[in-house]
Structure formats: structure tokens, C-alpha cells
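>>> Show me how the following folds:
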Amino acid sequence: GLLGPDGKVYSPTLVRVGVNAHHSVEKVSMEYLVNERCGGGEEDKFSDGKGNGNSSNKFEKALERDRVKCLLLDEAQVVCSTLSFSGSGMFSRMTKQFDVVVIDEAAQAVEPSTLV
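Numbers count the residues shown, from 1 in each chain. Predicted coordinates:
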């Protein structure tokens, strides 16, 4: 575990953003956490399981999933993302800023991509 400012052990909230999360981090992946909060997968949220979802309902569900994604990012104490995904609009809608950004394998990145 990690030690907080008070010297006590704590487990920070973590979310992994991006596509194709490895199975070892699936339970902290954005899609998994959104499904947990919204109750079900994409198909469950948008239709009756037979492809008969109405477009208004689909739009409302998509907005709710997007709101939950932003909420998860704001609640997380640690956010893991690929460098390319860090430029997504989701990060621009966050209400808090990052204190520290660590770029893994930064030697492989072109300089402009690190400015995202």
C-alpha cells in the first residue's frame, strides 16, 4: 500500500483509461467501472436485447455513461492512460487538474505529444 500524509496506509482510487485493457487491470478500467455504476453492458443500456432500442433512450444512456466517465475521472486519485488517449475530450471536461503527470516510455514519444 501507499502511505498518506498522516503516515497511515491507504489505497488510492484508480482508473485506467483507454481501449483494450489487459485482463490484469480490467477491474479498474473505465468501461468496467462505468458498467458497474450504470448496471450492465452497452447492449443492456441501449436496447431491449433484440436491437429495438429507441434513439432518444440511446442518447440519454450515452449521456449518462459520459457523465459517469467524467465523474470517475474526477473521483480518481490515480489515472492511467496511454499518451495518445490522454488527448481525448474526456480529460478536457474534468473539473480538477493533475498534480503530477508521469509519461511511461517518454523516450519513444515525439515532443508535441507530451504537451497534450
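>>> what comes up buried for the longest helix belonging to the chain?
Assignment by DSSP state H gives helix 55-75 as the longest helix of the chain. For helix 55-75, the neighbour count (16 or more other Cβ atoms under 10 Å) marks K61, R65, V68, K69, L72, L73 as buried. Quick note: C-beta positions are derived from backbone N, CA and C, even for glycine.
>>> For it, which helices and strands make contact with it?
The contact analysis (3 or more Cβ pairs under 8 Å, 6 or more residues apart in numbering; DSSP states H and E) places helix 55-75 against strand 14-17, helix 30-38, helix 42-46, helix 89-92.
>>> and R37, what is it in contact with?
R37 makes contacts with V68, L72, as judged by Cβ atoms under 8 Å, 6 or more residues apart in numbering.
>>> switch the cut-off to 6 Å
V68 (Cβ atoms under 6 Å, 6 or more residues apart in numbering).
>>> which regions of the protein lie under the pLDDT threshold?
For the chain, applying pLDDT under 70 flags the ranges 41-53, 116.
>>> Go again with 50.
For the chain, the stretches with pLDDT under 50 are 42-48.
>>> coming back round to it: can I get the buried residues of helix 55-75 in a markdown table including distance to S84?
Converted to a markdown table, the buried residues of helix 55-75 look like this (distance: Cβ to Cβ, whole Å):
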| residue | distance to S84 |
| --- | --- |
| K61 | 27 |
| R65 | 21 |
| V68 | 23 |
| K69 | 17 |
| L72 | 20 |
| L73 | 17 |
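>>> returning to that earlier point: just the helices and strands packed on helix 55-75: most buried one?
Highest mean neighbour count among the helices and strands packed on helix 55-75 (mean count of other Cβ atoms under 10 Å): strand 14-17, with a mean of 20.
>>> then that one to CSV, C-alphas only?
Extracted C-alpha coordinates of strand 14-17, given in CSV (Å, rounded to 0.1, in the frame of the first residue of the first chain):
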residue,chain,number,x,y,z
LEU,A,14,-7.5,4.2,-9.7
VAL,A,15,-9.0,4.2,-13.2
ARG,A,16,-7.3,3.0,-16.4
VAL,A,17,-8.5,4.9,-19.4
